[in-house]
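K.L.:
my questions are about this predicted structure, shown below with the sequence.
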Amino acid sequence: AAGVIQSPRHLIKEKRETATLKCYPIPRHDTVYWYQQGPGQDPQFLISFYEKMQSDKGSIPDRFSAQQFSDYHSELNMSSLELGDSALYFCASSSGHRSKEQYFGPGTRLTVT
Amino acid sequence: GESVGLHLPTLSVQEGDNSIINCAYSNSASDYFIWYKQESGKGPQFIIDIRSNMDKRQGQRVTVLLNKTVKHLSLQIAATQPGDSAVYFCAESFTGGATNKLIFGTGTLLAVQP
């Protein structure tokens, strides 16, 4: 079965640079969630989209923005990167914004040097 | 969820023993709870879920118990195997909100000794 695809899997950036993370949900899933997981920490909700509209917002810095496109894939744009942005970034998808089950992708490991 | 930094609670068990992993959740309005397994470098993998109108649910080798009075969740793994070694997270959600964003609890590292 097709799973959530995230790219790139690994990304190394320097401070103050920008990064774009991509998420391709499971086919026919219309809802995407982004989570950030720091080293040894639990995943923290950042933002979610349903039918290409932002549906909820968590602890996402103003330096970050995201959107969902017409094919339902989503991109997380991160600017003015800081060392503390180094983390695993997970995307999860579900079918419908009220669907309970979220399926997680393998994550993108971002390292800021 | 609250972060505990780099020091995850660890549960060490012998292969074949039963494991019990505990979790305290924060929002009394949460009505849906999930246990995830996360192996190193991978995304969280769904194990089992439970709705707030239940207090127990069983799956294959796993059982989840929910105590809403004290906002406590537990995951029981029967006959623990080396492949069960991973970090386990509980997550809560309020399905009446705009979306079902997940609030994760502190993970527990399960180490299975052969």
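P.N.:
That came through, no problem. Just so it is clear, the structure is predicted and the values come from calculations on it, not from any experiment.
K.L.:
got a pLDDT number for residue 38?
P.N.:
Since you didn't name a chain, this refers to chain A. You'll see A:Gly38 listed with a pLDDT of 92.
K.L.:
actually it's chain B I care about, not the one you picked
P.N.:
So, for B:Gln38, pLDDT stands at 94.
K.L.:
quickly list what it is bridged to.
P.N.:
B:Val87 (DSSP bridges).
K.L.:
quick one: contacts for it?
P.N.:
For B:Gln38, the contacting residues are B:44-45, B:86-89, B:107, by Cβ atoms under 8 Å, 6 or more residues apart in numbering or on different chains. To be clear about C-beta, it is placed using only N, CA and C from the backbone, and glycine gets the same treatment.
K.L.:
over to B:Cys90?
P.N.:
Contacts of B:Cys90 by Cβ under 8 Å, 6+ apart are B:23, B:25, B:33-36, B:73, B:75, B:104-105.
K.L.:
so which helix or strand takes in it?
P.N.:
According to DSSP states H and E, B:Cys90 maps onto strand B:86-93.
K.L.:
how distant is that strand from the center of its chain?
P.N.:
Centre-to-centre, strand B:86-93 and its host chain are 4 Å apart (Cα atoms, centre = their mean, to the nearest Å).
K.L.:
so for that strand, mean pLDDT?
P.N.:
Strand B:86-93 shows a mean pLDDT of 94.
K.L.:
hang on, the earlier thing: dump the contacts of B:Cys90 to CSV, plus secondary structure.
P.N.:
What follows is these, written out as CSV (DSSP: H, G, I helix; E, B strand; the rest coil):
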residue, secondary structure
B:Cys23, strand
B:Tyr25, coil
B:Phe33, strand
B:Ile34, strand
B:Trp35, strand
B:Tyr36, strand
B:Leu73, strand
B:Leu75, strand
B:Phe104, strand
B:Gly105, coil
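K.L.:
out of these, which are close to chain A?
P.N.:
Residues of these in contact with chain A (Cβ under 8 Å from any Cβ of the partner chain): B:34, B:36, B:104-105.
K.L.:
any stretches of chain B with poor pLDDT?
P.N.:
Scanning chain B for pLDDT under 70 picks out B:1-7, B:98.
K.L.:
contacts only, for the spatially closest residue to A:Ser80 that is not a sequence neighbour.
P.N.:
The shortest distance from A:Ser80 to any residue other than its chain neighbours is 5.0 Å, reached at A:Arg63 (Cβ to Cβ, 6 or more residues apart in numbering or on different chains). The contact partners of A:Arg63, taken as Cβ under 8 Å, 6+ apart, are A:78-82.
K.L.:
for A:Ile60, same thing?
P.N.:
The contact partners of A:Ile60, by Cβ under 8 Å, 6+ apart, come to A:34, A:46-47, A:66.
K.L.:
what's the burial count for A:Lys13?
P.N.:
A count of neighbours around A:Lys13, defined by other Cβ atoms under 10 Å in any protein chain shown, yields 16.
K.L.:
again with B:Pro82
P.N.:
10.
K.L.:
so it touches B:Glu15, yeah?
P.N.:
Yes. Contact criterion Cβ atoms under 8 Å: B:Pro82 and B:Glu15 qualify, at 6.1 Å.
K.L.:
common neighbours of these two, please.
P.N.:
B:112, B:114.
K.L.:
what residues does chain A put near chain B?
P.N.:
A:4, A:31, A:33, A:35, A:38-45, A:48, A:50, A:55-56, A:58, A:90, A:92, A:94, A:97-107, A:109.
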